[in-house]
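J.: dropping a prediction and its sequence here:
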Amino acid sequence: MLDLELLRSFVSVVDAGGFTRAGERVHRTQSTVSQQIRRLEEDLGQTLLNRDGRAVTPTEAGERLLSYARRLLALAEEARDVVARPGPDGAVKLGIPEDFAAYRLAKLLAAFSRAHPNLRLDVRADQSLNLKRDIERGELDLALLKRGVDDTRAAIAAWPEQVHWVTSKSHPVNLDSGSLPLIGFPLGCIYRTRAIHALESAGRAWHMAYTSSSLAAIQAAVAAGMGLSILSEMSVQSDHRVLTAREGFAPIDRTEVALVASPDASPATLRLADRLAEFCDKVQAKAA
């Protein structure tokens, strides 16, 4: 194992071009620095410095060692700085649906991070099916996810969700067509499942016209008139038109947003859960 003090003296000698000035830099006498360099050379079995007259320059072996020595010393300094900082609050892995990621939640999470500088926040936006799987596996500490109201698994809190059928405002889908074109997330999405169930219960033919894992892509496809979709109220845009029950497209009910934490949630995770619950309470109040 290389001795960092010996490496520091070696780098100082090379940078200073001599033992005397190097000793001043590392607060050692010239003889002490010279002894340290000899010890380093003995440890490595290589001559590291050319000692020709007053000039001291690195040998070929010394040049090879020099870059490593600088990196090791820098890494040691970095480690010292990290250890000297106040103890971290740990890390929180959070999963959220994509519509929440796009709806002011980024500002809340950024503010939470600023208020807890020693906490590492790892946020992932994904389908609720994947978020539910990952929190069950212990790969997430906290998740805000969509689910059916009949899901009885424990949650910190849950809020009923407003979900609507939408079409394009400028290029609406012909609702009397033989097969209705659908736009949605991939298989496993609760919205997609509920949309298909609603159409089949009404005896309507359908086909998938556009599938994407991106909310923005789905919103754009609806606006362009590629088909119908169901979106949460917060995801409906100005270039969408909400379809009504009179047109045969009643709002989709019996879905909710649930806030779920791992069984061994840390205090930091629970603090974040409180902030998310406050956020969802405000969204719910606004929609009421």
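T.: Looks like it arrived, so ask away.
J.: out of the helices and strands in this structure, which is least certain?
T.: Least confident helix or strand of the chain, by mean pLDDT, DSSP states H and E, is helix 19-26 with a mean of 78.
J.: for the closest residue in space to Glu5 that isn't next to it in sequence, grab phi and psi.
T.: In this structure, Glu5 finds its nearest non-sequential neighbour in Gln36, 6.9 Å apart by Cβ to Cβ, 6 or more residues apart in numbering. Any C-beta I mention is one placed from the backbone N, CA and C, and that applies to glycine too. Dihedral pair for Gln36: phi -60, psi -40, per degrees, to the nearest 10.
J.: separation between Gln36 and Thr29?
T.: Here the criterion is Cβ to Cβ, to the nearest Å. By it, Gln36 lies 11 Å from Thr29.
J.: swap in Asp3?
T.: In this structure, Asp3 and Thr29 are separated by 18 Å, where distance is defined by Cβ to Cβ.
J.: ok, Ile156 next?
T.: 65 Å.
J.: which of those two has more neighbours?
T.: More crowded of Ile156 and Thr29, by other Cβ atoms under 10 Å: Ile156, with 16 against 12.
J.: got the contact list for the more buried one?
T.: Contacts here follow Cβ atoms under 8 Å, 6 or more residues apart in numbering; on that basis Ile156 touches 259-261, 273, 277.
J.: select from the residues you listed every entry located in helices.
T.: Secondary structure assignment by DSSP state H places 273, 277 of the contacts of Ile156 in helices.
J.: out of the contacts of Ile156, who's the most crowded?
T.: Val260 (24 neighbours).
J.: ok, it touching Lys146?
T.: No - Val260 lies out of contact with Lys146 (Cβ atoms under 8 Å); the separation is 11.3 Å.
J.: beta-bridge partners for Val257, please?
T.: Residues found in beta-bridge contact with Val257 (criterion: DSSP bridges) are Lys146, Trp159.
J.: contacts only, for it.
T.: Taking Cβ under 8 Å, 6+ apart as the contact definition, Val257 lies against 97, 100, 144-146, 158-159, 161, 280.
J.: mind running it again at 10 Å?
T.: Shown in contact with Val257 (Cβ atoms under 10 Å, 6 or more residues apart in numbering): 96-97, 99-100, 128, 144-147, 155, 157-161, 232, 276, 280, 283-284.
J.: which other helices and strands does the least confident helix or strand of the chain contact?
T.: Helix 19-26 makes packing contacts with helix 4-16, helix 30-44, strand 55-58 when contacts are defined by 3 or more Cβ pairs under 10 Å, 6 or more residues apart in numbering; DSSP states H and E.
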